[in-house]
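J.: quick one: sequence and predicted model below, then my questions.
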Amino acid sequence: MERSRVLLEAARIIREQREEIATLETINNGKSIFEARVDIDISWQCLEYYAGLAGSLAGEHIQLPGGSFGYTRREPLGVCAGIGAWNYPFQVACWKAAPALACGNAMVFKPSPFTPLTVVRLAEIFTEAGVPKGLFNVVQGGAATGQFLCHHPDVAKISFTGSVPTGIKIMGMAAKGIKPVTLELGGKSPLIIFSDCALENAVNGALMANFLTQGEVCCNGTRVFVERKILDVFTKEVVKRTQKIKIGDPLLEDTRMGALINRPHLDRVQGFIKQAKEQGAEVLCGGDLYVPDDPKLKNGYYMQPCVLGNCTDDMTCVKEEIFGPVMSILPFDTEEEVVERANNTKFGLAGGVFTRDIQKAHRVVAALKAGMCFINNYNISPVELPFGGYKASGFGRENGRAAMEYYSQLKTVCVEMGDVESVF
Ligand SMILES: NC(=O)C1=CN([C@@H]2O[C@H](COP(=O)(O)OP(=O)(O)OC[C@H]3O[C@@H](n4cnc5c(N)ncnc54)[C@H](O)[C@@H]3O)[C@@H](O)[C@H]2O)C=CC1
C-alpha cells in the first residue's frame, strides 16, 4: 500500500504537469503536441493501474498430506534495467517503471540518446512523490551504456524496447548472466478489412494503424489487406483522408503529423519508398519530403504520409518494418487466403480485423499469430491489457496484470507439520 500511495502521487503530479511534460515530449521526439498529450495520459494511467495492483501481490497456499502445507511468495527481482526506444520516450519509461516499482524492484533506465529529456522529468517526479532516493535512476548514453547495464552483475532483469538486431544482442548478453528479459521489438502487422465492415470505421482504423507518431510505431498495421470487392472505394477514401493530414510544427494545436526522429531515419524511410517504386508499387499519395512554410522549420525532417498501391507480398515495403508513415494496400479474395498471408511474416506483434460478422472476427484473430489483436479498432493502448509479441517481435508482456509476473519471482516454501521420515 505504501508503494501504491507513492505511485498515485506520481500519477497526480504528471496529471497536474500534463501540458509541460507533453510540450517537453514534443521537443524531445518531434511528434505533435496533440499526440504527446495522449502519451502523457496513458503514462499516468499506467502508474495508477499499477498503484492499484501493488497491494494485490500475493502467493498461494497449497495443502499437503498430514496437515503439512506449502505457500508461495511473490518477491521482487532486484535491480531491473530498462532500455527504451525513441518513439514513446515518457510512456515506455512508465510502462517499465510502474510494474517494476509496484513489485518492489529498483530500476535503472536508459533512454534512447535521441530522446534523453522526458525520462529525467519522470525521475524528478518520482522523487517528489516520495520514491526513495536511488530507487529509480536514469543513465544517459547509447549502445555502450546499454551493454554495460546488461552485463552488470547487480542487474537482475532487462526490459528492452527497440529493434530486432539490438534485441538479439540484449538476449545474448542476458544469457551470459542467466537474466530474464522482456523484449518489445518491431513488427509488420496485418490489418484485414473485410467487405462487410463499417467502411468509415475501417478507414479511420487504417489511418490510426499507420500514421500515429509519424508512423514510428512498433505495432503499426502497415500491411493493409482489403477484400477486393471494396478495394477501390476503400483506397480512394484512405488516400483522400491521408492527403488531408496536417503536417508541420508539432507544437501547433492543429498539427497531426510532426517530424521524423532524425535525418538518417528519414533517408531510410525515403529509401524504402524508392525501392517500392522500383519493385512495381504505385505511390497513391505522399512519400515526398515536406517543407513547411515557416522558414525556421525548413530543415526539419518532415515527409508527406504515403499510401502504396499495387503491392505484392514479396516486395520489400511489405516485408520489412519501415517505421515511417508508409501504408501498403494489398487486395485479397478469401478469409483462408488472407489469414495465411497475414501470418506469412517473421514478426508477430499485432494484427487487426474490421468486419461486422462477429464469428468471422473472432475466428480470424484466433488464427493470427500475433500478441496484440484488435477487432474493429486499431492502436489503442489501454493499460489494463497485456501487450507484447510473438515470434521475432519478442516475448514477455507489458501492461495488464501479466506484467507483474515479469517483474517478480516466485519463492516456494514447504512446511512440514509432522516428523521427518528419513530414508536412511
Ligand atoms: N519496437 C519498438 O517499439 C521500436 C522499434 N524500433 C526499431 O528500431 C529501429 C532503430 O531504432 P533505434 O532507436 O536505433 O533502435 P535500437 O534498437 O538501436 O535502440 C533501442 C535502444 O537500445 C539501445 N541500444 C542500442 N544498441 C545496444 C546494445 N548493443 N546494447 C544495449 N543497448 C543498446 C539504444 O541506445 C536505445 O536506447 C527502428 O527503425 C525500428 O525498426 C525503434 C524504436 C521502437
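T.: Thanks, I have the structure now. Numbering: from 1, shown residues only.
J.: residues in contact with the residue in the chain that the ligand sits nearest to?
T.: The nearest approach of the chain to the ligand comes at Gly146, 2.1 Å away (C-beta to the nearest ligand atom). Every C-beta, even on glycine, is put in place using the N, C-alpha and C of the backbone. Shown in contact with Gly146 (C-beta atoms under 8 Å, 6 or more residues apart in numbering): 83, 110, 166, 170.
J.: now the buried members of the residues you listed.
T.: Buried subset of the contacts of Gly146 (neighbour count, 16 or more other C-beta atoms under 10 Å): 83, 110, 166, 170.
J.: Glu184 is in contact with the last one, correct?
T.: This points to Ile170. No - using C-beta atoms under 8 Å, Ile170 is not in contact with Glu184; the gap is 10.9 Å.
J.: find residues that contact each of the two.
T.: Joint contacts of Ile170 and Glu184 (C-beta under 8 Å, 6+ apart) are Phe160.
J.: picking that back up, check what pLDDT the residue of the chain closest to the ligand gets.
T.: The model reports Gly146 with a pLDDT of 98.
J.: which helix or strand contains it?
T.: Assigned by DSSP states H and E, Gly146 belongs to helix 143-151.
J.: would you mark the buried spots in the top helix by length along the chain?
T.: In the chain, ranked by residue count with DSSP state H as the criterion, the top helix is helix 33-54. Using 16+ other C-beta under 10 Å as the test for burial, helix 33-54 gives 33-40, 42-51, 53-54.
J.: do it and the ligand come into contact?
T.: No - using C-beta under 6 Å from any ligand atom, helix 33-54 never reaches the ligand; the gap is at least 13.0 Å.
J.: can you show me the helices along the chain?
T.: Going by DSSP H, the chain shows helices at 2-16, 18-29, 33-54, 89-102, 118-129, 143-151, 164-176, 199-211, 231-243, 263-278, 316-319, 335-343, 358-367, 402-406.
J.: quick one, which of those is packed in tightest?
T.: Highest mean neighbour count of those: helix 89-102, a mean of 27 (counted as mean count of other C-beta atoms under 10 Å).
J.: output the contacting helices and strands for that helix.
T.: helix 2-16, helix 18-29, helix 33-54, strand 79-83, strand 106-110, helix 118-129, strand 155-161, helix 402-406 (3 or more C-beta pairs under 8 Å, 6 or more residues apart in numbering; DSSP states H and E).
J.: make TSV out of those and add mean pLDDT and distance to Ile247.
T.: As requested, the helices and strands packed on helix 89-102 are exported to TSV (pLDDT from 0 to 100; distance: least, C-beta to C-beta, whole Å):
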stretch	mean pLDDT	distance to Ile247
helix 2-16	98	28
helix 18-29	98	14
helix 33-54	98	13
strand 79-83	98	31
strand 106-110	98	31
helix 118-129	98	23
strand 155-161	98	26
helix 402-406	97	35
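J.: dump those to TSV, plus distance to Thr316.
T.: Listed next are these as TSV, based on distance: least, C-beta to C-beta, whole Å:
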stretch	distance to Thr316
helix 2-16	40
helix 18-29	26
helix 33-54	28
strand 79-83	28
strand 106-110	31
helix 118-129	34
strand 155-161	24
helix 402-406	34
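J.: what average pLDDT does stretch 193-202 get?
T.: Stretch 193-202 shows a mean pLDDT of 98.
J.: start and end of it, how far apart?
T.: End-to-end span of stretch 193-202 (C-alpha to C-alpha, to the nearest Å): 7 Å.
J.: do stretch 274-289 as well
T.: 12 Å.
J.: returning to that earlier point: of the buried ones among the contacts of Gly146, which is the nearest to Leu289?
T.: Nearest to Leu289 among those is Thr166, at 27.7 Å by C-beta to C-beta.
J.: the ligand contacts on the stretch 101-250 of the chain?
T.: So far as C-beta under 6 Å from any ligand atom goes, the stretch 101-250 of the chain lies against the ligand at 110, 112-113, 142-143, 146-147, 150, 161-163, 166, 169-170, 184-186, 218.
J.: between the helix holding Gly146 and strand 155-161, how many degrees?
T.: 130 degrees (axes from the mean of the first three to the mean of the last three C-alpha atoms, to 10 degrees).
J.: export helix 143-151 as PDB, just CAs?
T.: C-alpha atoms of helix 143-151 as PDB (Å, rounded to 0.1, in the frame of the first residue of the first chain):
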ATOM      1  CA  ALA A 143      24.900   1.200 -27.100                       C
ATOM      2  CA  ALA A 144      27.900   1.100 -24.800                       C
ATOM      3  CA  THR A 145      25.900   2.200 -21.800                       C
ATOM      4  CA  GLY A 146      23.200  -0.300 -22.700                       C
ATOM      5  CA  GLN A 147      25.800  -3.100 -22.900                       C
ATOM      6  CA  PHE A 148      27.300  -2.100 -19.500                       C
ATOM      7  CA  LEU A 149      23.900  -2.300 -17.900                       C
ATOM      8  CA  CYS A 150      23.100  -5.700 -19.500                       C
ATOM      9  CA  HIS A 151      26.500  -7.200 -18.300                       C
END
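J.: next, the angle from that helix to helix 164-176.
T.: Interaxial angle, helix 143-151 versus helix 164-176 (the same axes, to 10 degrees): 30 degrees.
J.: next one: the residue sitting nearest the centre point of the chain, what pLDDT does it get?
T.: Residue closest to the mean C-alpha point of the chain, counted by C-alpha atoms, centre = their mean, is Cys218 at 5.7 Å. Looking at Cys218, its pLDDT reads 98.
J.: I'd say it and Asn87 touch.
T.: Yes - using C-beta under 8 Å, Cys218 is in contact with Asn87, at 7.4 Å.
J.: and stretch 354-371, how far out from the chain middle?
T.: 21 Å (C-alpha atoms, centre = their mean, to the nearest Å).
J.: so what's Met173 up against?
T.: Residues in contact with Met173 (C-beta under 8 Å, 6+ apart) are 147, 150-151, 158.
J.: let's see 6 Å
T.: 150-151 (C-beta atoms under 6 Å, 6 or more residues apart in numbering).
J.: same question, Gly248
T.: 255, 292.
J.: then Gly418?
T.: Gly66.
J.: same thing but 8 Å
T.: Each residue near Gly418 by C-beta under 8 Å, 6+ apart is listed here: 66-68.
J.: may I ask which of those has the most neighbours?
T.: Ser68 (13 neighbours; other C-beta atoms under 10 Å).
J.: correct me, but it touches Val420?
T.: No - contact criterion C-beta under 8 Å: Ser68 and Val420 do not qualify, at 11.2 Å.
J.: so who does Leu284 touch?
T.: With C-beta under 8 Å, 6+ apart, Leu284 has these contacts: 235, 239, 307-309, 329.
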